[in-house]
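Enquirer: what would the 3D arrangement of this be:
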Amino acid sequence: MKRLFIAVPIQEKSRNIIYNAVMVNPAAKRMPVRWTALQNLHLTMQFLGDVEEKRIPELKTILDELSISGAPGSLCFTGLGAFPDHDAPRILWMGIKENKNLRKIQYDLTSELSEKGFNADRKKFKPHLTLGRVRENVHFGAENYVYLEQLVSAAVVPDSPLDRITLFESVLRPGGPIYSVIYEKKL
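Expert: Numbers count the residues shown, from 1 in each chain. Take a look at the predicted model:
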């Protein structure tokens, strides 16, 4: 079994700007947050969980069959958000504006995965980059949220091309997950 997810990678320049503006900020580093590693910033389209290795060719076929009309477009980054909400955040994220092609890719991907019996998440799609996870049993504080909101708003992040979709393996380690590309399809 492999722990898998499907995501849109973020271009290196955009990732670096986000990381340097937020995660390595001295005040942010002192917050009770486990920040996402630079190389792990991505837009998750579907988390699949544990999948038998023999089913990986099916996933490759599903990715190969994804199509969009016209130019793929770009991922445009917006402000800070939190799950479940900003009053008691567990996950801190940077939003991504929805666009027609992103919505179509996510819808088609979810439909195909469900049809083929994969564990596809059908809840409303909220495009975002996970910046970090608030540590368990810790009060995050409104002042921390407001400060991060200012950092995210001040960051001038270039759009990232919506030019490929990737099947990743996630290996959990004590120091954080390690993601490996299993397959990538250009859009």
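
Enquirer: helix, strand, or coil at Asp108?
Expert: At Asp108, secondary structure determined by DSSP: H, G, I helix; E, B strand; the rest coil is helix.

Enquirer: quick one: contacts for the closest residue in space to Arg55 that isn't next to it in sequence?
Expert: Counting by Cβ to Cβ, 6 or more residues apart in numbering, Phe118 is the residue found nearest to Arg55 once chain neighbours are left out, at 7.6 Å. Glycine gets a C-beta too; all of them are placed from N, C-alpha and C. The neighbourhood of Phe118, defined by Cβ atoms under 8 Å, 6 or more residues apart in numbering, consists of 48, 51, 55, 58-59.

Enquirer: tell me the two of those residues that are most distant?
Expert: Using Cβ to Cβ, these reach their maximum pairwise distance at Leu48 and Glu58, which is 11.1 Å.

Enquirer: quick one on the thing from earlier: can I assume the residue nearest to Arg55 sits in a strand?
Expert: No: membership of Phe118 in a strand is not supported by three-state DSSP, which gives coil.

Enquirer: can you tell me how far the most centrally placed residue in the chain is from Asp108?
Expert: The centre of the chain sits closest to Leu43, judged by Cα atoms, centre = their mean, with a distance of 2.9 Å. Taking Cβ to Cβ, to the nearest Å as the measure, Leu43 falls 16 Å from Asp108.

Enquirer: ok, now Asp64?
Expert: Summarising the geometry, the distance separating Asp64 from Asp108, computed by Cβ to Cβ, is 12 Å.

Enquirer: these two: which is more packed in?
Expert: Of the pair Asp64 and Asp108, Asp108 is the one with more neighbours under other Cβ atoms under 10 Å, namely 15 against 10.

Enquirer: now do the contacts for the more buried one.
Expert: Contact analysis of Asp108 by Cβ under 8 Å, 6+ apart lists 66-67.

Enquirer: where does it land on pLDDT?
Expert: The predicted structure scores Asp108 at 94 on the pLDDT scale.

Enquirer: how near is it to Ile178?
Expert: From Asp108 over to Ile178 the distance is 29 Å, taken as Cβ to Cβ.

Enquirer: next: Thr78.
Expert: To Ile178, Thr78 is 28 Å away according to Cβ to Cβ.
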